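In: After the sequence you'll find the predicted model.
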Amino acid sequence: MTSTLLRNTIPFAAVRAAFLLDAIKEKHKTMTRFARTLGVTQAAVSGVIRGHWRSARIEKALADLAGIPAEILFPGKQKEEAA
């Protein structure tokens, strides 16, 4: 039963990515425009959203945009960077 439940659960990273992409679209229209406001590439923003790369600055900007603390959107990331 548990293994079936786990297979049918959407990973948090996928939910986070969809949520953040919607927030970006709503306020900036495109990820490229959002990236330009930060002075980074669209690929950098995409990589952070999908969890492939880490950037405290991009994570904070995304959290501010979404109105959710970075510690919630990117759990464990800030602690690792501080170490």
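Out: Great, that's in hand.
In: Might one say that Leu20 is in contact with Asp64?
Out: No. Counting by Cβ atoms under 8 Å, Leu20 stays clear of Asp64, with 11.5 Å between them. Yep, even glycine has a C-beta here, placed from its N, CA and C like the rest.
In: okay, those two: which has more neighbours?
Out: Leu20 (22 against 11; other Cβ atoms under 10 Å).
In: So the more buried one versus Thr32, what's the distance?
Out: If you measure Leu20 against Thr32 using Cβ to Cβ, to the nearest Å, the figure is 15 Å.
In: ok, the closest residue to Leu65 other than its chain neighbours - contacts?
Out: Distances taken as Cβ to Cβ, 6 or more residues apart in numbering place Ala23 nearest to Leu65, at 5.3 Å, with adjacent residues excluded. Residues near Ala23 by Cβ atoms under 8 Å, 6 or more residues apart in numbering: 62, 65-66.
In: Please identify the member of those with the greatest number of neighbours.
Out: Sorting these by how many neighbours each has (other Cβ under 10 Å) puts Leu62 first, at 24 neighbours.
In: give me every residue that touches the spatially closest residue to that residue that is not a sequence neighbour.
Out: Excluding its sequence neighbours, the residue lying closest to Leu62 (Cβ to Cβ, 6+ apart) is Leu20, at 5.5 Å. Contacts for Leu20 (Cβ under 8 Å, 6+ apart) come out as 49, 62, 65-66, 73.
In: Kindly report the same for Pro69.
Out: Counting by Cβ under 8 Å, 6+ apart, Pro69 has contacts Ala63.
In: For it, give its distance to Lys60.
Out: From Pro69 to Lys60 the distance is 10 Å (Cβ to Cβ).
In: if we can go back for a sec, Three-state assignment for the residue nearest to Leu62, please.
Out: helix (DSSP: H, G, I helix; E, B strand; the rest coil).
In: Let's see the pLDDT reported for it.
Out: Looking at Leu20, its pLDDT is 94.
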